[in-house]
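Asker: from the sequence below, what's the structure:
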Amino acid sequence: MTEGKKNKKVTVREVLNGRFLESDWLKRNRRLLVVIFIMLIINITVRYKSEKVIREVVTIEEELKELRSESIALAADVMKMSRPSEILERVKKNKTGLSPSKEPPGKIYVEKEE
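Answerer: Predicted coordinates for the structure are as follows:
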């Protein structure tokens, strides 16, 4: 073996001193390491953005549940207010002088013109 192609292991001391940055392996593979670093950064940003979107979806779903329950409650109130007995009671409270008809509604017949 030649002296330039020795298999040398990186020790803790070299890592702490920063001498492993001068190694031939690191110099040969710096493009690969840069690509790996960029992919890691992209992965981290995508993860944070997806978590943000998931949190937004959860809050919107909770708001939707609240709005649905409010809609159901309002629909029930409208149904209650549209009952004939409720309408009569409101008319009596307002003292408009209106009263329910004593006769049932009749049919109106119209002759067709030919």
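Asker: the longest helix that the chain contains packs against which elements?
Answerer: Counting residues, the longest helix in the chain under DSSP state H turns out to be helix 30-81. Applying 3 or more C-beta pairs under 8 Å, 6 or more residues apart in numbering; DSSP states H and E, one finds that helix 30-81 contacts no other helix or strand. Every C-beta, even on glycine, is put in place using the N, C-alpha and C of the backbone.
Asker: repeat that for 10 Å
Answerer: helix 84-94 (3 or more C-beta pairs under 10 Å, 6 or more residues apart in numbering; DSSP states H and E).
Asker: just the CA trace of the helix it packs on, in PDB.
Answerer: The C-alpha atoms that make up helix 84-94 are tabulated as PDB, following Å, rounded to 0.1, in the frame of the first residue of the first chain:
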ATOM      1  CA  PRO A  84     -99.300  28.500  14.000                       C
ATOM      2  CA  SER A  85     -99.800  28.700  17.700                       C
ATOM      3  CA  GLU A  86     -96.600  30.700  18.100                       C
ATOM      4  CA  ILE A  87     -97.600  33.100  15.300                       C
ATOM      5  CA  LEU A  88    -101.000  33.700  17.000                       C
ATOM      6  CA  GLU A  89     -99.300  34.400  20.300                       C
ATOM      7  CA  ARG A  90     -96.900  36.900  18.700                       C
ATOM      8  CA  VAL A  91     -99.800  38.600  16.900                       C
ATOM      9  CA  LYS A  92    -101.800  38.900  20.200                       C
ATOM     10  CA  LYS A  93     -98.700  40.400  22.000                       C
ATOM     11  CA  ASN A  94     -98.200  43.000  19.300                       C
END
